[in-house]
Each structure stands twice: as C-alpha cells, then as structure tokens.
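Chemist: below is the sequence, then the predicted model.
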Amino acid sequence: MKFQAAGKNKKIVGTVLASALIIGSLGTITAFAANNSDAVQKGALISVPAAADASDAPVAAQGTIQYSKDVYSRTDGSQNMTTERWYNPETKDNRSDTKEYSADHQLLSYQSTYYVNGGNDLIIVQRDLSGNPVNGKIIKRADNPDIFKKYDLGNLDFSALKDFYKDSSWTSVGSEQAPDGKILNKVMQSYQSYISDTTQANMQLIEFLDQDTGLPVKEELYEDSTGQFKLFSTDTSELNYVADDGSIFNTDGISLTPFQTQTAFNGK
C-alpha cells in the first residue's frame, strides 16, 4: 500500500482516512498503522532533480469529479484491498470506499469515509458485503479538532499528485511500454521500513507513470530483509473524471452516531 510519510505519498495525500479509519472500527486505527509494514518511511536515500512537466490529463470530458481506483495486494496474500476515491475540486468534498479481501478474493469488509461540509464533517460508514449501509459515525471538526489536524488530507487534486512525483526524493530508472501501448516512465525511492514488528528492511518503491499525463499507473514495492530484493506488494491505479448524479457525497438516509471522544485516535 502506498503509505510512506504524511504528505510524501499519493495514498497519504489522497486516502489516508480511507485506509486507516476504514479498516474495522474506530478503535483499530493505532493497530492498523502499526501493522502495515510499508507504512513507515525512515527517510529517502536518493535525491535527484525533479522530472519534466507532463501534460494535464486525464481530460475532464466525462464530468468534473476526480475519480481514482487503486487495487493493492501483498505477494504473500496477507492483505488485498481496493480503494475508490471521489474528489470534488470545487467543494473539496472527498469520499473513499475501501474493500478488503481475503487471499482467495472473498470480500471481507466494505466501508466508506466522507470528508464533507467544507472539511468540517468526517463520516465513516460501515457497509454490508452488498454495499448497503449498516451504521455510521460522524465526527465534527468543532468537537474533535485534533483528529482533523492529525489526519489532514491536504491537497487531493490530480495536479498535486503529479507534483508529488516531481519531488527530488524520486530518481528516474528508465521506461517501458505497457500492453496498451502507453509509455510508462519509472521513478524510484529507496528507504528503510519495518515489514513486521521486529524486521527492518531496505525498500525500493518503483512508480510507473503515464508519460502523457505524469500520473501513476502502477506501483511495485520491493523489500530486502535477507540480502536480496524481492517483490513485497503491487498497486495498480486508474484515474479519470466522472459525473456526480447527486449520490456520491450524499449520506442522507444513513443513521449517523456522533463520535465525540478522541480515545481511539490517541491510542489510549
């Protein structure tokens, strides 16, 4: 999963709450962060000049809502997730849906996270396996400002994602042609991370960027805890624009329980 450091990775930029809050109950956020072995970046080791600008894309021909879909899996089968995100650049409303799957691709959980009302309301909805809402919690910025400060999503626009990959912590490692004919430019970061509670490894994160858009198509994460790099996880990305029929950010009809304690987020 593309967790590196806050503000330093597209998953943090785009869906930190979709991945941290959505897994299980509110009380699991600390355990989830601790158990995601590619979540802690110790510091980039490579520094090169930023890449050249790419053209703006995808073109917003289908609508004005920015949509992304990431399919993540670890090579050992221990974690498999699909995350979809919708972002309105005008209102800054954001919704992320995360589905967690077993190693044999059976759906285990399905939850949605909404950042709405000018970023002042955080709504977490648990859904059944068919996608129907079961229950939900709403967190108000006025009641829990520290939560919003800690998990500020920052700029979620596609342009910010492109700029992220121009950061000097990335180095170019060539290019390749995708099956659909697209040229993918490869950039890499190297760092150290814990892949278990006690095992620290050298990591190499390779992003494959569409040459025409500068946006990610897939990711490969390699770990070296034994003296040889091996594939740790993969993540494929789809980004485009969609139209809003009024239902994307709408939580009307879902029973929402106010959440006013910070215990779960403080790890107490």
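Modeler: Received the coordinates, thanks. Residues are numbered from 1 along each chain as shown.
Chemist: residue 191 - how many residues pack around it?
Modeler: 21 (other C-beta atoms under 10 Å). Placement of C-beta: from N, CA and C, glycine included.
Chemist: how about low-confidence regions in the protein?
Modeler: 1-61, 151, 260-268 (pLDDT under 70).
Chemist: show me where it has its helices.
Modeler: With DSSP state H applied, the chain shows helices at 10-20, 29-35, 145-150, 158-164, 263-266, listed in chain order.
Chemist: show me which positions of stretch 130-140 end up buried.
Modeler: Residues 133, 136-140 are the ones in stretch 130-140 that count as buried (16 or more other C-beta atoms under 10 Å).
Chemist: this structure: strands as residue ranges?
Modeler: Here the chain has its strands, by DSSP state E, at 65-74, 80-87, 94-101, 107-116, 121-127, 133-140, 171-177, 183-194, 200-210, 216-224, 230-242, 256-258.
Chemist: now render those as TSV, adding distance to residue 161.
Modeler: Formatted as TSV, the strands of the chain follow (distance: least, C-beta to C-beta, whole Å):
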stretch	distance to residue 161
strand 65-74	9
strand 80-87	10
strand 94-101	13
strand 107-116	17
strand 121-127	22
strand 133-140	26
strand 171-177	18
strand 183-194	13
strand 200-210	10
strand 216-224	7
strand 230-242	8
strand 256-258	30
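Chemist: out of those, the one nearest residue 148 is which?
Modeler: Smallest distance to residue 148 across the strands of the chain (C-beta to C-beta): 7.1 Å, for strand 121-127.
Chemist: can you list the strands that that closest one pairs with?
Modeler: Paired with strand 121-127 in the same sheet, following DSSP bridges, are strand 107-116 (antiparallel), strand 133-140 (antiparallel).
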